[in-house]
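Participant: give me coordinates for this.
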Amino acid sequence: MKSASANLKGPLLYLALLTAACTKQPESVFVVTVPWALTGQTLAIDTHTHTQFSDASRTVDEVTQLAAGHGCDAVAITDHSDHAVAAANEDYFKAIDAARARHPSLTVLAGLEWNVPPYDGHEHVTVLVAPALERSVLPTFKERFDGMANKGDAAAALRWLAEQASSARSEVALVYNHPSRKDEQPDENQRDWQQWRDINDLVIGFEGGPGHQCGGTPGAYRAAIKPVDRWDPVVADIGGTWDQLLDAGHDVWGALASSDYHEDHNDYPPCQFARTMVTVDSRDACGILRGLHAGSFWAGHGGVLTNLWFIIAEASLPLPAAPGETIRLGAQAQPVLRIKVERSLEHPAVPLVVDLIGNGVDGRPAQVARGELAADADTFDWQPSQPLVSGADGHSAYFRARVTALDPTRGKLVAYTNPIRIIVAK
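Facilitator: This next block holds a predicted model:
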């Protein structure tokens, strides 16, 4: 897997031309920065897999071998937190330690898929922790807070997790898995996330691209709500849960796709079909957790794209803004929104459709721009024709990107970026 930093020379050279002519005092500034967003390494990761320590068919060693063989730079072993299974016991950690020794170039995270109380296993959240916390945190967390064994308090669990970390953003990250799989109403997801975020910011967002994509029912969504082009409607529906939260001013991430690997019949191995591409300041577990918290990642299906960049450039900004960042634009600002793709060697000629989604044009989440990229094109630019407006929060707008490959044999294969937020001039 190539580092994205090695491929950014072209985009950054172009963007330098956009800013080089600026000689006056900046009218636009960064409010929230991700210092490594344009220069860090980009890693292919899978945050959600299972082994024989819960309900899957393969060992930890076999799952990590599959991950390494399919191009993962990092993989998380996240067996279920049910008390009846062996996840988070000493044998679990020994197996993970052995996998790390066997694959030194693969970052292996230990975690759990948490049955969130009081839903009795109805809702799942991935719990990822830094290696230094594995043995001290995961067994106790499983014992005290598993929602299958008791009707405990999710708020207490989130507070307890935060107390265990000296630097939570480098040591603990939680992801709301396959959020709509068992739901009857879409507003259930927004309500759940809001309740958890009212406690703290450990839940970074949604697994927008759920696993179980190999079988006849993508994502194993068998209730009322179905995936859209293999993505959960939380992310895929324009104006849906993700857009409503972003519109209200919440920084929440949904551009995450995983395998939820259990076995070969219904699941693709880690990183074969679904990849989350996180840009990091270091390749270790703590760097990955920081990247997840920062929103510095995108995700896609089908291996069509090797890299996907989404940036906002403006002449008075020192650098373009990237996903996870927030900028404040001056009254005379003329931002340029750019989507740039790098196709994989296996799919060099597939046509692409690009969409910009956001609320900055009329104050409501919508598709604001669309373009097509022929096989020999890799860049789509859009500039608003009028000043941007704020959304429901009254002071900011956001934009996120979607790229759809029109694959002749596999249908639509979609990738999403996380958003960039803009505080608009009054």
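Participant: C-alpha from now on. contacts and neighbour counts both.
Facilitator: Noted.
Participant: pairing partners for the strand ranked longest in the chain, with directions?
Facilitator: Taking DSSP state E as the criterion, the chain has its longest strand at strand 396-407. Applying DSSP bridges to the sheet, strand 396-407 is found paired with strand 352-358 (antiparallel), strand 411-417 (antiparallel), strand 420-423 (antiparallel).
Participant: ok, which of those strands comes nearest G208?
Facilitator: strand 411-417 (9.0 Å; Cα to Cα).
Participant: what's the offset of the closest one from the middle of its chain?
Facilitator: 14 Å (Cα atoms, centre = their mean, to the nearest Å).
Participant: pull the residues that contact it.
Facilitator: Residues outside strand 411-417 that contact it (Cα atoms under 8 Å, 6 or more residues apart in numbering): 229, 255, 297-302, 304, 308, 310, 323, 400-407.
Participant: wait, which of the strands paired with strand 396-407 is closest to C271?
Facilitator: strand 411-417 (13.9 Å).
Participant: helices and strands around the helix or strand containing T78, which ones?
Facilitator: Applying DSSP states H and E as the criterion places T78 in strand 74-80. Here strand 74-80 touches strand 41-49, helix 60-69, strand 107-115, strand 124-129, going by 3 or more Cα pairs under 8 Å, 6 or more residues apart in numbering; DSSP states H and E.
Participant: 7 Å instead?
Facilitator: In terms of contacts (3 or more Cα pairs under 7 Å, 6 or more residues apart in numbering; DSSP states H and E), strand 74-80 is packed against strand 41-49, strand 107-115.
Participant: with respect to T379, which of those strands lies nearest?
Facilitator: strand 41-49 (19.5 Å).
Participant: got the angle between that closest one and helix 60-69?
Facilitator: If you take axes from the mean of the first three to the mean of the last three Cα atoms, to 10 degrees, strand 41-49 sits at 150 degrees to helix 60-69.
Participant: which other helices and strands contact strand 41-49?
Facilitator: strand 74-80, strand 274-280.
Participant: closest to V368 out of those?
Facilitator: Using Cα to Cα, the nearest of the helices and strands packed on strand 41-49 to V368 is strand 274-280, at 24.8 Å.
Participant: pLDDT wise, what is the residue most central in space within the chain at?
Facilitator: When Cα atoms, centre = their mean is applied to the chain, the residue found nearest the centroid is L256 (3.0 Å). What the model reports for L256 is a pLDDT of 99.
Participant: could you do P118 as well?
Facilitator: 89.
Participant: that one against G152, yeah?
Facilitator: Yes. Using Cα atoms under 7 Å, P118 makes contact with G152 at a distance of 6.2 Å.
Participant: what sits against T326?
Facilitator: F30, V31, V32, T33, I420, R421, I422 (Cα atoms under 7 Å, 6 or more residues apart in numbering).
Participant: same check, this time on F297
Facilitator: So, once contact is read as Cα under 7 Å, 6+ apart, F297 ends up touching A255, T276, M277, V278, T279, T417, N418.
Participant: ok, the closest residue to it other than its chain neighbours to A155 distance?
Facilitator: Nearest non-adjacent residue to F297, counting by Cα to Cα, 6 or more residues apart in numbering: V278, 4.1 Å away. Using Cα to Cα, to the nearest Å, we find V278 at a distance of 28 Å from A155.
Participant: V350 now?
Facilitator: When V350 is compared with A155 (using Cα to Cα), they lie 46 Å apart.
Participant: now do the contacts for T49.
Facilitator: A76, I77, T78, S259, D260, Y261, H262.
Participant: shaky segments in the stretch 201-350 of the chain?
Facilitator: Within the stretch 201-350 of the chain, no range satisfies pLDDT under 70.
Participant: for it, which segments count as strands?
Facilitator: 203-206, 274-280, 297-301, 305-313, 326-328, 336-343 (DSSP state E, counting those that start in this stretch).
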